[in-house]
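*Asks:* coords please:
(chains A and B)
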Amino acid sequence: MNRTVLTIVQIAIIVALTVACGIIAYFVVSSVTGHQLATASGNMAFSRWQEKFQSLVINTGILSALCALAWFVLTRWIFKINTPRGIGKRTIWAGLAALDLIGCIVIPQFYSSTLGIKTNFLVTVIFIIAFAGVGYWLLTIYTTPNIFKYTPVGAQLLRAGK
Amino acid sequence: MAYYFISIGGSGAKVLEALTHLCVAGAMPTREDLNILAIDPDSGNGNLERSGSALNQFIKFQNLSVGNDTPLFKTKMTLIKPLPWNPIEIDKTLDDLIGFQIYKNSALGSLYEVLYTRRERNTKLNEGFRGHPSIGAAVLAKKYTLRDNRNTQWTDFIQKIKQDTNNGGEIKIFFAGSVFGGTGASGIPTIARLLRNDLSKNDDNSGVRKIISIGGAFILPYFSFTPPADNDKLFAHSENFLTNTKAALKYYAQRDNVFNAMYFLGDSHVTHFKRFSIGAATQKNDAHIVDFYGALAAIDFFNQPADNSRVYNCIFHGDNDKFSWSDFPALEEIENGDAKNFDLRKRFAKFARFIFAYVHFIKPVLRGLASGDIKDYQYPWYVDYFKDIDVVNTGAVKNFEDYTESFVTWLKQLETLPDREVALIKSSMFAARPAQIVNAEDFSSCDGVITKPELTLHEIWYRLSEDFKIYAAVNGYGKFLRRLYEACDAEI
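*Replies:* Down below sits the predicted model:
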């Protein structure tokens, strides 16, 4: 696979996997605690709650995808290596991970109030697992361009088996 | 096919140095081993020390597993020991070496006294023949023919060549040395003739001469120096170089029937060396473009069919004050029985990029990782290729790194000839020691040609991190070097 095709495939994987994570998060939360949260949200109709929750998922998913894509764009086109020192960029990777993680915590807590629905701890945990865990951490491990392929924490173990 | 290269004296050693670098870069015509013999009565001379250093480094890493489908490290070099062969024992004079006491008061002794001045006879020859070929010819002939238990060098050497001829292959022997100094001027005609005679003995009339070709690079004067005025020792005088050369050329034109191929190499522009040295470690002249041509002459000779016909070729260069890639001859190589031309510029530039990339990118990282100063996740190539290699204790790593220094030093000397522009590799590549690339943009066009797409340092790093598909058997450090070498190819 040449580099251009690989780039297209990697971007497609980031988008597709984030969408998949969003769908899974949406259905898991809906089925496990959706009815309870709809009731807690002023006896809101479950379908109405789902509509609003979907918006919450989409926004968190967009943030997560943007973080993963930002990392991809930076490592694929922006960062240039001309000297051998200070090139790991792990701080930037970790910064984006932190942004994603904060988003997974803050968005359910604050954006839900704007939407007028209630969330709980389980929603935060599922969002962290789906968007910060799979949607950023795991995704960046497997989609970071080769030149920075071991920068994401754990990439050496998962990608190289070392 | 068996190749032999015999360097004689300081000029020969400099050609040997250039040939070593070209062998490492894969410029030889076939994968046959190259046997190296060096003759120098001044074992400690700086030129020989430098060429011997590069040669010994290469010998220690030449068997790295880089695959047999690449020009990299293509030609293996074998030393014929002792290297160098020194015909002179310590603190001996010409009288001692000839055994003058035996002939004293005889007719032969008197003739000897007429031919050599008292100073020539009584000067200790620790620093060589001091620009006096008449001394060298006598000593070398005497020592060459001396065959006893302590002097088995030439017996072994001739035996090895005969063994190669018995195996049915062609033998190509190439000499390199000057015609104007002491050792080369006396050694080349003397040793070549004696060797030819020895190899012809005990053979039928048709055999050996046909399959043994002897060639030589005869270095004509291209430098001068000013000796100190108060030095009353015996030493070479550069003002005698042209006279010596004239006599040597006359000899080769009228008397020689030993050589199948002769390459006369010189430079109309005489480089003046400020530092004068009688010999020993201080005789360390910078690499010169003439040495490079000498090495190319050896490669050309090794690629010629072994026959007795004499061919007279001449090579010109376009601009009197400048050397560029177009001034060098086209080279040919034989792979799987097929002969094909290759572009020396492309091959050399790829090799130079490989060395520069290693020195700039890889060496500091390996040092840093070994000392624990940096983390390995930043270097995907290290994780992929080096995890099972003990970088600190693997001799091949150190030898290769030492070699990179030798190569860069040699190339820098070649590029910075006084009063001459040598445009092989951009001189800005040598702005910082040791080969740290100051301007990253120079890397892609280091040979003066802008590569498309641009082969930047970033691109090299990118390629190093990608999967490496190779069909040849490669492993360990050799696999990494091969990866880096392929990453430096401007045409992929």
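*Asks:* Count the residues that sit near the closest residue to A:I58 other than its chain neighbours.
*Replies:* Among residues not flanking A:I58 along the chain, A:G22 sits closest, at 6.7 Å (C-beta to C-beta, 6 or more residues apart in numbering or on different chains). In this view, the C-beta of every residue, glycine as well, is placed from N, C-alpha and C. Taking other C-beta atoms under 10 Å in any protein chain shown as the criterion, the count of residues near A:G22 is 23.
*Asks:* quick one: A:G22 and chain B, what's the gap?
*Replies:* 30 Å (C-beta to the nearest C-beta, to the nearest Å).
*Asks:* Please identify which helix or strand holds that residue.
*Replies:* helix A:3-29 (DSSP states H and E).
*Asks:* Show me which positions of the helix or strand following that helix end up buried.
*Replies:* Remark: after helix A:3-29, the chain's next helix or strand is helix A:35-40, criterion DSSP H and E. Neighbour counts over helix A:35-40 (16 or more other C-beta atoms under 10 Å in any protein chain shown) mark A:37-38 as buried.
*Asks:* Name the residues that touch helix A:35-40?
*Replies:* A:29, A:44-46, A:48-50, A:53, A:117-120, A:123 (C-beta atoms under 8 Å, 6 or more residues apart in numbering or on different chains).
*Asks:* for stretch A:120-139, same thing?
*Replies:* A:13-14, A:17-18, A:21-22, A:24-25, A:28-29, A:32-33, A:36-37, A:40, A:60-61, A:63-65, A:67-68, A:71, A:96-97, A:100-101, A:103-105, A:107-109, A:152-154.
*Asks:* Need the CA coordinates for stretch B:367-387. PDB is fine.
*Replies:* Once non-C-alpha atoms are left out, stretch B:367-387 reads as follows in PDB (Å, rounded to 0.1, in the frame of the first residue of the first chain):
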ATOM      1  CA  ARG B 367      24.900   7.200  21.800                       C
ATOM      2  CA  GLY B 368      22.000   8.900  23.600                       C
ATOM      3  CA  LEU B 369      20.000   5.700  24.000                       C
ATOM      4  CA  ALA B 370      23.000   3.800  25.200                       C
ATOM      5  CA  SER B 371      23.600   6.400  27.900                       C
ATOM      6  CA  GLY B 372      19.900   6.600  28.800                       C
ATOM      7  CA  ASP B 373      19.600  10.300  27.900                       C
ATOM      8  CA  ILE B 374      16.800   9.800  25.500                       C
ATOM      9  CA  LYS B 375      13.800   7.500  25.200                       C
ATOM     10  CA  ASP B 376      13.500   4.900  22.400                       C
ATOM     11  CA  TYR B 377       9.800   5.600  21.500                       C
ATOM     12  CA  GLN B 378      11.000   8.600  19.500                       C
ATOM     13  CA  TYR B 379      13.000   6.400  17.100                       C
ATOM     14  CA  PRO B 380      10.800   3.800  15.400                       C
ATOM     15  CA  TRP B 381      13.800   2.400  13.500                       C
ATOM     16  CA  TYR B 382      15.600   1.700  16.800                       C
ATOM     17  CA  VAL B 383      12.600  -0.200  18.100                       C
ATOM     18  CA  ASP B 384      12.200  -2.100  14.900                       C
ATOM     19  CA  TYR B 385      15.900  -2.900  14.200                       C
ATOM     20  CA  PHE B 386      18.000  -2.500  17.300                       C
ATOM     21  CA  LYS B 387      16.100  -4.000  20.100                       C
END
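*Asks:* sorry, back to before: contacts only, for the residue nearest to A:I58.
*Replies:* A:G22 touches A:57-58, A:60-61, A:130-131, counting by C-beta under 8 Å, 6+ apart.
*Asks:* Where does the nearest residue in space to A:G154 that is not next to it in sequence fall, secondary structure wise?
*Replies:* Spatial nearest neighbour of A:G154, chain neighbours left out: A:I141 (6.3 Å); criterion: C-beta to C-beta, 6+ apart. With elements taken from DSSP H and E, the one containing A:I141 is helix A:139-143.
*Asks:* what about A:N82, how many residues close to it?
*Replies:* 16.
*Asks:* ok, the closest residue to it other than its chain neighbours to B:S465 distance?
*Replies:* Leaving aside its sequence neighbours, A:N82 sits nearest to B:A440 (C-beta to C-beta, 6+ apart; 4.1 Å). As for B:A440, its distance to B:S465 is 18 Å (criterion: C-beta to C-beta, to the nearest Å).
*Asks:* higher neighbour count, these two?
*Replies:* B:S465 (22 against 15).
*Asks:* got the contact list for that one?
*Replies:* B:S465 neighbours (C-beta under 8 Å, 6+ apart): A:146-147, A:149, B:380-381, B:384.
*Asks:* Model confidence for it, exactly?
*Replies:* In this model, B:S465 is scored at 93, pLDDT.
*Asks:* go on, B:A236?
*Replies:* 59.
*Asks:* Sort out which residues of the strand or helix carrying B:S110 are buried, please.
*Replies:* Assessed by DSSP H and E, B:S110 sits inside helix B:107-115. Neighbour-count burial for helix B:107-115, counted by 16+ other C-beta under 10 Å, picks out B:Y112.
*Asks:* and A:V153, that one's in a strand?
*Replies:* No - read with DSSP: H, G, I helix; E, B strand; the rest coil, A:V153 is coil and lies in no strand.
*Asks:* in terms of contact, does it touch A:T140 like I think?
*Replies:* No - look at A:V153 against A:T140 with C-beta atoms under 8 Å: they stay out of range, at 9.5 Å.
*Asks:* continuing past the lowest-mean-pLDDT helix or strand in chain B, what's the next helix or strand?
*Replies:* Counting by mean pLDDT, DSSP states H and E, the weakest-scoring helix or strand in chain B turns out to be helix B:207-211, with a mean of 64. Using DSSP H and E, the helix or strand that directly follows helix B:207-211 along the chain is strand B:212-219.
*Asks:* partners of that next one, with directions?
*Replies:* strand B:171-178 (parallel), strand B:261-265 (parallel) (DSSP bridges).
*Asks:* Closest residue of the stretch 51-200 of chain B to chain A?
*Replies:* Residue nearest to chain A within the stretch 51-200 of chain B: B:S65 (21.0 Å; C-beta to the nearest C-beta).
*Asks:* Brilliant, that's me finished.
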